[in-house]
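A.B. asks: Give the three-dimensional model of this entry:
(one chain, ligands or ions: 1)
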Amino acid sequence: MCKLRDCSVCECPENEFPESFRRPPFDLPADDLKCQEGKPEAAVDRTLDSKVFRGWIEVDNPWTIDDETDNGEMTYVNLLLNRERYTGPSARRIWDAVYSENCPKYASGEICQEKKVLYKLISGLHSAISIHIADDYLLDETKNLWGTNPDLMYDRVLQYPDRVRNLYFTLLFVLRAVTKAKDYLEQAEYDTGNAEEDLKAQSLMRQLLYNPKLQAACPVPFDEAKLWKGQSGPELKQQIQKQFRISGCEKCRLWGKFQVLGLGTALKILFSVDGEYRPDQHLQLQRNEVIALVNLLNRLSESIKLVQEMSPTFEKTMKGLSLEPAAKLLSSWKRLWETVVGDRLFITEAWVPSG
Ligand SMILES: Cc1cc2nc3c(=O)[nH]c(=O)nc-3n(C[C@H](O)[C@H](O)[C@H](O)COP(=O)(O)OP(=O)(O)OC[C@H]3O[C@@H](n4cnc5c(N)ncnc54)[C@H](O)[C@@H]3O)c2cc1C
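C.D. replies: So this is what the prediction gives:
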């Protein structure tokens, strides 16, 4: 457990478990333990019977590695109660480690095409995380005042056109995976035992997958066929598959692992299916992977929305000088994005590996 109050993860009491996730059913506690974010007493209850989750961890996503001492236990976390936000000072080396593990430079200093993609994906994810931290920041610790920190957003992301560009790149990459697997995702089970919520989730998924504006504006968001064609393609693919790992503080790990699982799922879809997905092709996603993929899409699109909302403020204050390249880039993306966005999808609960 992380000692930092704002970093600890609040787990759900057993009586919040969707019925269909409990096989075989176990007894519910009589009292309703309210999960209160940020309070030390929101202690993690690890009394769950790990056997009930076995079905979920049988197939490991080859694109992600769990380097922790997972013992197969899973915990149930309501993501709305554990928002991605500032969690206290953390060491810069977290990201350094992520970049150096995932994007080692070639001796010549060149990075091959495949590695560039991985670098952009990680950098895009980094931008999205930084934007969410800046958007939900502890402005005054003594008053426990939370809010947006525009300067931080500018310092960490907005002043760097490449970081903004990588954010869009990652979004398109994930969007491509989602649209490619649309037949699969449409058929996936969205069952939590709450019929109303389940129907809503199915309907929102369909709206996302068959959004005509999205299809018209962005028919092929990303051409994965161009990848993995380099000389050392298969070898690199294997190497990257081994290296895709992220660690950090507890809440960082929750969101970090979750979003990396989302990226891993996007990679799995894009590189295990040739052309468009057809039901006769082999694609098997776990519930967690589907949830992570859709939530990642949500996180990325929320970040882009924030970038677009915040950029004009800086354009004005900077009189268009230092932001000029980013502003140009943003306005063209904005046109595309505005034609597309409208329906946004939220899936708010997920199983995450404990630890
Ligand atoms: C997976 C993960 C999840 C995290 N989740 C949270 C969280 O929920 N809440 C929280 O408060 N902290 C979280 N952190 C930590 C947070 O991202 C920062 O590391 C921390 O706030 C320190 O920030 P920093 O200013 O030192 O720069 P960092 O964001 O740590 O960046 C380190 C260096 O990387 C480079 N860099 C920065 N952005 C980019 C980019 N987009 N592309 C390429 N290079 C870049 C810069 O040179 C920068 O100095 C998370 C970290 C990780 C790895």
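
A.B. asks: Helix or strand for whatever residue of the stretch 251-355 of the chain ends up closest to the ligand, just tell me which one.
C.D. replies: Per C-beta to the nearest ligand atom, G256 is where the stretch 251-355 of the chain lies closest to the ligand, at 2.7 Å. C-betas here are computed from N, CA, C, even on glycine. Here G256, judged by DSSP states H and E, is contained in helix 250-272.

A.B. asks: Now do the helices in the stretch 51-200 of the chain.
C.D. replies: Ranges of helices in the stretch 51-200 of the chain, per DSSP state H, counting those that start in this stretch, are 54-57, 93-102, 113-135, 150-153, 161-180, 182-187, 195-209.

A.B. asks: For the first one, give the mean pLDDT please.
C.D. replies: Per-residue pLDDT values over helix 54-57 give a mean of 43.

A.B. asks: rewinding a little: between the helix holding G256 and helix 93-102, how many degrees?
C.D. replies: Counting by axes from the mean of the first three to the mean of the last three C-alpha atoms, to 10 degrees, helix 250-272 lies at 20 degrees to helix 93-102.

A.B. asks: what is the orientation angle of the following helix or strand past helix 250-272 with helix 250-272?
C.D. replies: Helices and strands here follow DSSP H and E; after helix 250-272, the next one along the chain is helix 287-317. Angle of helix 287-317 versus helix 250-272, following the same axes, to 10 degrees, is 110 degrees.

A.B. asks: So for the residue in the stretch 101-250 of the chain that the ligand sits nearest to, what's the pLDDT?
C.D. replies: Closest contact between the stretch 101-250 of the chain and the ligand, by C-beta to the nearest ligand atom, is at S123 (3.2 Å). S123 is assigned 90 on the pLDDT scale.

A.B. asks: re earlier: what helices or strands is the helix holding G256 leaning on?
C.D. replies: When contacts are defined as 3 or more C-beta pairs under 8 Å, 6 or more residues apart in numbering; DSSP states H and E, helix 250-272 packs onto helix 113-135, helix 161-180, helix 287-317, strand 349-353.

A.B. asks: picking up where we left off before, same list (the helices of the stretch 51-200 of the chain) but as TSV, adding mean neighbour count.
C.D. replies: Compiled in TSV, the helices of the stretch 51-200 of the chain are given as follows (neighbours: other C-beta atoms under 10 Å):
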stretch	mean neighbour count
helix 54-57	14
helix 93-102	15
helix 113-135	21
helix 150-153	18
helix 161-180	22
helix 182-187	16
helix 195-209	15
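
A.B. asks: Extract the C-alpha set from stretch 300-311 and format it as PDB.
C.D. replies: The C-alpha coordinates for stretch 300-311 follow below in PDB (Å, rounded to 0.1, in the frame of the first residue of the first chain):
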ATOM      1  CA  LEU A 300      -6.900  10.000 -24.600                       C
ATOM      2  CA  SER A 301      -9.900  11.800 -25.900                       C
ATOM      3  CA  GLU A 302     -10.500  13.600 -22.600                       C
ATOM      4  CA  SER A 303      -6.800  14.800 -22.700                       C
ATOM      5  CA  ILE A 304      -7.300  16.100 -26.300                       C
ATOM      6  CA  LYS A 305     -10.400  17.900 -25.200                       C
ATOM      7  CA  LEU A 306      -8.500  19.600 -22.400                       C
ATOM      8  CA  VAL A 307      -5.600  20.400 -24.800                       C
ATOM      9  CA  GLN A 308      -8.100  22.100 -27.100                       C
ATOM     10  CA  GLU A 309      -9.800  24.000 -24.200                       C
ATOM     11  CA  MET A 310      -6.600  25.200 -22.700                       C
ATOM     12  CA  SER A 311      -4.600  26.100 -25.800                       C
END
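
A.B. asks: Contact partners for the nearest residue to the residue of the stretch 101-250 of the chain closest to the ligand once chain neighbours are set aside?
C.D. replies: Sequence neighbours aside, N166 is the residue nearest to S123 in space, at 4.0 Å (criterion: C-beta to C-beta, 6 or more residues apart in numbering). By C-beta atoms under 8 Å, 6 or more residues apart in numbering, the residues touching N166 are 120-121, 123-124, 126-127.

A.B. asks: again, only using 10 Å
C.D. replies: 119-128, 157, 160 (C-beta atoms under 10 Å, 6 or more residues apart in numbering).

A.B. asks: wait, D183 sits on M205?
C.D. replies: No - between D183 and M205 there is no contact under C-beta atoms under 10 Å: 11.7 Å.

A.B. asks: Could you tell me how far G256 is located from V9?
C.D. replies: G256 sits 12 Å away from V9, going by C-beta to C-beta, to the nearest Å.
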